[in-house]
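Asks: Need a 3D model of the sequence below.
(one chain, ligands or ions: 1)
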Amino acid sequence: MSDITDAARAILAFNDRGGYTVPTDALYPFQWNWDSAFVSMGFATFNIDRAYQELERLIEGQWDDGMLPHIVFHVPSDTYFPGPDVWNTHHRHHKKPTTSGITQPPVFGMALRYIYEIALTEGREDVLARTRLLFHAALRSHRWWMKVRDPEKRGLVAILHPWESGSDNSPAWDEALARVSTITKTEICRQDTKHVSAAMRPHHADYQRFIHLVEVYRECKWDPVKQWSAAPFKVADVQMTAILARATADLIWIASHLNLLDEINELSTIHRILLDGLRGRWRNNLRGFVSLDLISGKDIQKPTQAYFIPLIAIELDTYQHEAVQDEIERWCNGMIVGVPSTAPFSSDFESKRYWRGPVWAVINWLIVDGLCKNHLAELAAIIEGNTINAIERAGFREYFDPITGEGLGGNSFSWTAAAYLVLRHRLNNQ
Ligand code: 9WN
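Replies: Numbers count the residues shown, from 1 in each chain. Below you'll find the model as predicted:
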């Protein structure tokens, strides 16, 4: 085992708060949904029980209607805003801990398959009951997605808040977010800019709109039907839909192993619906997949990493393979490390500002996975190698400047450590 692998494991241990992992100390002091799913896969490369535990702690926050919240507030902390008082969600789920009121990308199902497969190769038959329990939690959340976030049956699931996408201030949301009021009743006490430079973080007006949206949904008492009608921001997101579709395929794989026939049928229907929805979002002229603004009815054409995420779920046609390869190469041209989260030739590109240009290791991990699935192994290997090099050069930072390779945002970041462990694990097992 290399020193750097050791260091990655040490970060996960350092950020462990008793069976769940915070994304990083102070800046993000709670359990985040998709971070934990990625982290559990990192754990699976060396500690199966701890990997399971990460997901088990996450479902402690699952709502009665199946939603898996984006933050679980296991223990209080005043180093992050907005905390549980701003969300005020306790009536939506009958047990402790308190949670936020929105969700995040459902990487959970992908993680569960990854962990279970490793457990099986290690001959760990004893994980069956744990797998079954987590499988049913995931299934309930997938039902929630289909019912609550695709009520108009487009085969695409919608986000009602940019934080749900996990790509909070992506240029993809600019136009839709501009329609949201900046007026808030809640005093905005940002903590993030006390930990990292404001130049790397979303703007103040973004935060005003983020909090305004929380207030709108809080006034709906977090009732999903009321929220759908009241939402001033509503986007059918291809990144979210692709992750849900892929996670659905992974749950089908688990259900087959567990011999759950009804569940296989139910999940197969969901899978078909989502793949049909995604296929309709491909745009030849843009060489990628685009989200749909459900309020304006318009395509969101801004070139962001979401263009390529559907590869994790879809088998592309031959002409699409070439198009995607050329487009990704164009985005990476002249960069020390790709894939930038916003195309560098776009007027929205900012190499250091959060989701407006920087490279994120977990996004590269998804892109690599999608390229491999689509027989673009050479390009996948280049991106994988560059991601590993960026981490080895700049450390386990939250994200990286694609032009300089500099590490930015939070330090000792859990999902960057997890990405390193999983990408290295894959390389070592090739
Ligand atoms: C809001 C924890 C999370 C990630 C998101 C990332 C950032 C939070 C924030 O940090 O979002 O959820 O306060 O900026 O955008 O993807 O899950 O690492």
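Asks: Can you tell me which residues in the protein are near the ligand?
Replies: Residues of the chain lying close to the ligand (Cβ under 6 Å from any ligand atom) are 23, 28, 32, 34-35, 70, 163, 166, 168, 192. Glycine gets a C-beta too; all of them are placed from N, C-alpha and C.
Asks: Of the residues you listed, which is the most crowded?
Replies: In terms of neighbours by other Cβ atoms under 10 Å, the residues of the chain next to the ligand top out with D35 at 29 neighbours.
Asks: Once you drop chain neighbours, what's closest to that one?
Replies: P23 (4.6 Å; Cβ to Cβ, 6 or more residues apart in numbering).
Asks: Just confirm that neighbour contacts T416, I think it does.
Replies: No - the criterion here is Cβ atoms under 8 Å, and P23 misses it with T416 at 9.5 Å.
Asks: Need the overlap of contacts for these two.
Replies: Counting by Cβ atoms under 8 Å, 6 or more residues apart in numbering, the contacts common to P23 and T416 are E398.
Asks: Angles on the backbone of G407, please.
Replies: Phi and psi for G407, reported as degrees, to the nearest 10, are phi -80, psi 140.
Asks: Surely it touches F413?
Replies: No - with contact defined as Cβ under 8 Å, G407 does not count as touching F413 (9.1 Å).
Asks: Looking at those two, which one has more neighbours?
Replies: Neighbours were counted for G407 and for F413 using other Cβ under 10 Å; F413 has more, 28 against 21.
Asks: Over to that one: give its phi and psi.
Replies: phi -90, psi 130.
Asks: can you give me the strands in this protein?
Replies: 31-32, 71-73, 98-99, 158-159, 235-236, 282-283, 288-289, 291-293, 299-300, 399-400, 407-408 (DSSP state E).
Asks: Save those strands as a markdown table, and put in mean pLDDT too.
Replies: Formatted as a markdown table, those follow (pLDDT from 0 to 100):
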| stretch | mean pLDDT |
| --- | --- |
| strand 31-32 | 98 |
| strand 71-73 | 97 |
| strand 98-99 | 96 |
| strand 158-159 | 98 |
| strand 235-236 | 98 |
| strand 282-283 | 98 |
| strand 288-289 | 98 |
| strand 291-293 | 98 |
| strand 299-300 | 98 |
| strand 399-400 | 98 |
| strand 407-408 | 98 |
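Asks: Tell me which of these is the most buried.
Replies: strand 399-400 (a mean of 29; mean count of other Cβ atoms under 10 Å).
Asks: Tell me who's in contact with the residue of the stretch 101-250 of the chain found nearest the ligand.
Replies: Per Cβ to the nearest ligand atom, G166 is where the stretch 101-250 of the chain lies closest to the ligand, at 3.6 Å. Counting by Cβ under 8 Å, 6+ apart, G166 makes contact with 34, 104-105, 239.
Asks: same question, S165
Replies: So S165 contacts 105, 159, 172-173, 235, 237, 239-240 (Cβ under 8 Å, 6+ apart).
Asks: So which of those wins on neighbours?
Replies: Result: A172 is most packed of those (other Cβ under 10 Å), 31 neighbours.
Asks: Was I right to think that residue contacts I309?
Replies: No - using Cβ under 8 Å as the test, A172 is too far from I309 to be in contact (11.6 Å).
Asks: which neighbours do those two share?
Replies: With Cβ under 8 Å, 6+ apart, A172 and I309 have no common neighbours.
Asks: same for the least confident helix or strand in the chain by mean pLDDT, what does it pack against?
Replies: The helix or strand of the chain with the poorest confidence is helix 192-195; it has a mean of 89 (mean pLDDT, DSSP states H and E). Applying 3 or more Cβ pairs under 8 Å, 6 or more residues apart in numbering; DSSP states H and E, we find helix 192-195 packed against no helix or strand.
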